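K.L.:
Got a predicted structure plus its sequence, pasted below:
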Amino acid sequence: MKRRPSPAATAAALIPASADLAELRRRADGCTACELYRRATRTVFGAGPSQARVMLVGEQPGNEEDLTGKPFVGPAGRVLGAALGRAGIDRGETYVTNIVKHFKWEPRGKRRIHAKPSASEVAACRPWLEAELARIRPEILVALGATAAQGLLGRGVRVRAQRGQFLSSPLAPRVMVTVHPSAILRSRDDAERHREMEHFVRDLRGVAAALHSTGNRSRSSSRLPSPTCPRTSFRSRETGRTAPSREGPTATARPRVRGPGPPRR
């Protein structure tokens, strides 16, 4: 049986500048950039249209995602799909992925229970997300939960305090942080679960409003580099912090747009 090589420092060496999403997905299947691949069933790469206007980033795959190889198909994914629908966003027109591509888990009886990825595991996997961002060039980037938010925007981000706001970042014209849908599933009772779901939907309605306010846009106006350009840093090298956008949650994005109208597609 052929053995996989020892883990590398990061996945960067596996990513050709000219690779499209299909090639990235194929190469990610053999990623050994951190130790997580040893216990995971498979790599779970992002999914969705390459021209998606909205990209949602979670923490890592769960048990069902690990078994199927598809992101956000488990209980948290079903919560996300329901919330997107209520917010007026077609999940099929979004790109969903995770900041870590392998399932990190701990045994509990016969079950595999989620374990939080370490900072080094997030850093090892980060080049895959950078590559996805460079190919998708989303109009709106949504970080779901603290691991994704801090991995993207720096450790100074506080999800509960800054959720639902658009933050200034070079990653996309608009960047928002909110809770991970799994947090809703962990609510103590039905009343709290209802409140948390309503708040989550309210955050996503801000995304929907921004989409409607900008309408169709020129893909060339995105602030992200093309796949052949050097990748940008996820956060400011000077401060490591992200400031709230002065545009507000429903203001027109800075890149040039063709005028008001219905969302693309």
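P.N.:
Received, thanks. Predicted model only: the values in this text are computed from it and were never measured.
K.L.:
And the helices in the protein, which stretches?
P.N.:
Using DSSP state H, the helices of the chain run over residues 21-28, 63-68, 75-87, 119-136, 146-153, 159-162, 181-185, 190-214.
K.L.:
okay if I get the ones you listed as a markdown table plus distance to Thr94, mean pLDDT and mean neighbour count?
P.N.:
Backbone N, C-alpha and C define where each C-beta goes, glycine included. Shown next, in a markdown table, are the helices of the chain (distance: least, CB to CB, whole Å; pLDDT from 0 to 100; neighbours: other CB atoms under 10 Å):
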| stretch | distance to Thr94 | mean pLDDT | mean neighbour count |
| --- | --- | --- | --- |
| helix 21-28 | 14 | 96 | 17 |
| helix 63-68 | 16 | 96 | 18 |
| helix 75-87 | 7 | 98 | 19 |
| helix 119-136 | 10 | 96 | 21 |
| helix 146-153 | 15 | 96 | 25 |
| helix 159-162 | 19 | 96 | 14 |
| helix 181-185 | 13 | 97 | 20 |
| helix 190-214 | 9 | 97 | 18 |
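K.L.:
Select, out of the ones you listed, the one closest to Arg53.
P.N.:
helix 190-214 (6.2 Å; CB to CB).
K.L.:
Show me what that closest one is packed up against.
P.N.:
On a contact count with 3 or more CB pairs under 8 Å, 6 or more residues apart in numbering; DSSP states H and E, helix 190-214 meets helix 75-87, strand 140-144, strand 174-178, helix 181-185.
K.L.:
And for the residue lying closest to Glu132 once chain neighbours are set aside, the neighbour number?
P.N.:
Distances taken as CB to CB, 6 or more residues apart in numbering put Gly46 closest to Glu132, at 5.2 Å, once the chain neighbours are dropped. Neighbourhood size, Gly46 [other CB atoms under 10 Å]: 27.
K.L.:
got a list of what Gly46 touches?
P.N.:
Leu21, Arg25, Pro71, Tyr95, Val96, Thr97, Asn98, Glu132 (CB atoms under 8 Å, 6 or more residues apart in numbering).
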